[in-house]
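>>> just coords:
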């Protein structure tokens, strides 16, 4: 059946709750009858089948993630969510000092199998509801971070996250959800997939080549994967053959996949929707430079948002987010100059 | 309830065991204080001297399977909950035989298999986690109780508000024990709190609040037992405030000059160990000879723990990479 990401995640959560009675969801507005199933409809209606395990909370992000942490240590498998990824910052202590570190500081004597879900994306809401905060979390040892760009991956990664014994943070993109009804998002990109009936997981730590090519490797996740594919189509007409890698897991990175691709193409462009400073592009670029400098035909190139907060005006927002045209222009120049 | 009545209810053996734990904490803290000052122990320490009645009173009312969470000042809670002094001492020395294999240190002492989460050293940080543990007990319908220890300072953290409110809303089997030792580091609680009793805040969450004398282990036990029993019976969480004092500095070299001489002398006279000892002697549960014998045995036990800690093997530097992800190596 063809599903968008919101619907696919809903199915995956339903499957997991049915499979394992220790799985529960905890978050704001997730199971209110007559409500909207979380900010983007992902948990819509789940309370009908699992009333006791869809736990609506006060507006208390610290409480939500603390509850998830404690319950996970005691053998439950919580799926905790925030309405907007930006609110993760309210609960950084619980994520970074507690969830990420408790197993390590116990000497490996306990596990914290928490799943954390957070919507990101620069989407018409300005500085505090439209950030891409992924880089904040790749600096935090102890959690795994995934970012599904398609509905097929959303199912596989959500299930892998629930079944993983370590904490996993899932970044979901507001423009890729395909949420319907009053929670539909302007500017939505189709990320829907055919979802098979049979159970499957996508291994955490494995990226995927979305498009094979020989001239340049483009690396981009979530919305930037889709924009990179668009750029690749534009360039194809000009005879430039782009390979597009979707990391899928942002940490630990599938660095073997990335290095293998860059060795073949000799050129790499990393695209990210967050500011360039200290970004994922910086991390990936540094690893490429460390491991395979001799293979590079051109400088490692980052395409990112400006080093500013997210602006509101649609005019500035369009400038802020790397657009397919900008990705294509950058690559065109790279190929011409080197 | 009078001390005599509590004493007769708990019985001689339990009373002696509680006295023993208090002696162990005092001796443990006294010895490691010197090891630190002599530069023989790494890290930093926050000590529990003067607060023994709090941890021992509460933990003596717990059952196997219950869980506690502590703070940056966890040595007393660990002994009270039954972590071996050998494993604690080895942890303080950062050895592989430590209760956290040398990865925790003083501020993260604990062992979940013995009912103590590795201590959470962020002030107030354990309150939402304990709420979550209690939520798990409720969801799994297990007759277990989760107890959070925290100080007066933590009651001004946002975690306190979110954690207690959610514990109340979900009616989970948790007890929130505020050890009000009256100082957050050097700051007297009166400077940062406009009310007299932290327990009064319970009414803001619609839960039960209670106050006990934190220098009297019997009173602590009786109040803790009531709160724990209620939690276990599905009657909801309690905020239990223990009025206490630390008869030592905040951390290793703190001479606590911010406390007045008068105040220190007053509380020194209320030292929970001589107080309990006198009570036990008067009730003829203990005699002078037995007390002296127990103190000597505790001294020897702590000396043995120090020996164990010092002689245990250091981890290999590359053990840094161990005990991390369950299902994956550390990315390098």
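Structure received. As the structure is a computational prediction, the values presented were derived from the model and not from experiment.
>>> show me the contacts for the residue most central in space within chain A.
In chain A, the residue lying closest to the centroid (CA atoms, centre = their mean) is residue A:147, at 2.2 Å. Residue A:147 sits next to A:134, A:170-173, A:221-222, A:247-250 when contact means CB atoms under 8 Å, 6 or more residues apart in numbering or on different chains. Every residue, glycine included, has its C-beta placed from N, CA and C.
>>> Spell out which residues of the stretch 1-150 of chain B are next to chain A.
B:67, B:98-104, B:108, B:110-113, B:117-118, B:120, B:122, B:125, B:127-137, B:139-140, B:146 (CB under 8 Å from any CB of the partner chain).
>>> Mind checking which of these are in strands?
Per DSSP state E, strands hold the following members of those: B:67, B:146.
>>> Give me the subset of the residues of the stretch 1-150 of chain B next to chain A that lies in helices.
Counting by DSSP state H, the part of those found in helices is B:127-137, B:139.
>>> mind checking how far residue B:61 is from residue A:338?
73 Å (CB to CB, to the nearest Å).
>>> who has more neighbours, the two?
Neighbour count, other CB atoms under 10 Å in any protein chain shown: between residue B:61 and residue A:338, residue B:61 has more, with 22 against 11.
>>> so the more buried one touches residue B:219, yeah?
No. Residue B:61 sits out of contact with residue B:219 when judged by CB atoms under 8 Å, with a separation of 11.8 Å.
>>> residue boundaries of the strands in the chain?
The chain I'm using is chain A. For chain A, applying DSSP E gives strands covering A:2-3, A:23-27, A:54-56, A:77-81, A:115-120, A:144-146, A:168-173, A:193-194, A:208-211, A:216-219, A:242-246, A:249-251, A:268-275, A:301-305.
>>> Wait, chain B was what I had in mind.
Ranges of strands within chain B are B:67-69, B:146-151, B:174-180, B:183-184, B:187-188, B:208-213, B:238-243, based on DSSP E.
>>> what's the last one packed up against?
In terms of contacts (3 or more CB pairs under 8 Å, 6 or more residues apart in numbering or on different chains; DSSP states H and E), strand B:238-243 is packed against helix B:52-59, strand B:174-180, helix B:202-205, strand B:208-213, helix B:217-232.
>>> near chain A at all, the second one?
No. Looking at strand B:174-180 against chain A by CB under 8 Å from any CB, there are no contacts, and the closest approach is 9.4 Å.
>>> ok so, going back, adding mean pLDDT and mean neighbour count as columns, could you present the strands of chain B in JSON lines?
Listed next are these as JSON lines, based on pLDDT from 0 to 100; neighbours: other CB atoms under 10 Å in any protein chain shown:
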{"stretch": "strand B:67-69", "mean pLDDT": "98", "mean neighbour count": "27"}
{"stretch": "strand B:146-151", "mean pLDDT": "98", "mean neighbour count": "30"}
{"stretch": "strand B:174-180", "mean pLDDT": "98", "mean neighbour count": "30"}
{"stretch": "strand B:183-184", "mean pLDDT": "94", "mean neighbour count": "20"}
{"stretch": "strand B:187-188", "mean pLDDT": "94", "mean neighbour count": "14"}
{"stretch": "strand B:208-213", "mean pLDDT": "98", "mean neighbour count": "20"}
{"stretch": "strand B:238-243", "mean pLDDT": "98", "mean neighbour count": "26"}
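>>> I'd like those as CSV, with distance to residue B:50 appended.
Formatted as CSV, those follow (distance: least, CB to CB, whole Å):
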stretch, distance to residue B:50
strand B:67-69, 20
strand B:146-151, 13
strand B:174-180, 11
strand B:183-184, 11
strand B:187-188, 16
strand B:208-213, 13
strand B:238-243, 12
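>>> Just list the residues touching the nearest residue to residue A:245 once chain neighbours are set aside, thanks.
Distances taken as CB to CB, 6 or more residues apart in numbering or on different chains place residue A:219 nearest to residue A:245, at 4.7 Å, with adjacent residues excluded. Going by CB under 8 Å, 6+ apart, residue A:219 touches A:228, A:244-245, A:247, A:258, A:268-271, A:281, A:284.
>>> Quick check: the two most widely separated of those?
A:244 and A:281 (15.0 Å; CB to CB).
>>> In terms of packing, which of those two has more residues around it?
Neighbour tally, residue A:244 and residue A:281, criterion other CB under 10 Å: the higher count belongs to residue A:244, 27 against 23.
>>> Surely that one and residue A:226 touch.
No. If you go by CB under 8 Å, residue A:244 and residue A:226 don't touch, sitting 9.7 Å apart.
>>> ok and the residue in the stretch 201-338 of chain A nearest chain B?
Proximity of the stretch 201-338 of chain A to chain B (CB to the nearest CB) peaks at residue A:252, 4.0 Å away.
>>> what sits against the residue most central in space within chain B?
The C-alpha lying nearest the average C-alpha coordinate of chain B belongs to residue B:77 (CA atoms, centre = their mean; 2.8 Å). Taking CB under 8 Å, 6+ apart, we find residue B:77 in contact with B:48, B:55, B:59, B:68, B:70, B:116, B:119, B:149.
>>> Could you find the closest non-adjacent residue to the one residue in the stretch 201-332 of chain B that gets nearest to chain A?
Chain A sits closest to residue B:323 of the stretch 201-332 of chain B, with a gap of 3.0 Å, by CB to the nearest CB. Leaving aside its chain neighbours, residue B:323 sits nearest to residue A:108 (3.0 Å; criterion: CB to CB, 6+ apart).
>>> list the contacts for that neighbour?
Applying CB under 8 Å, 6+ apart to residue A:108 gives the contacts B:101, B:103, B:322-324.
>>> and what of residue A:285?
By CB under 8 Å, 6+ apart, residue A:285 lies in contact with A:268, A:270, A:300, A:302.
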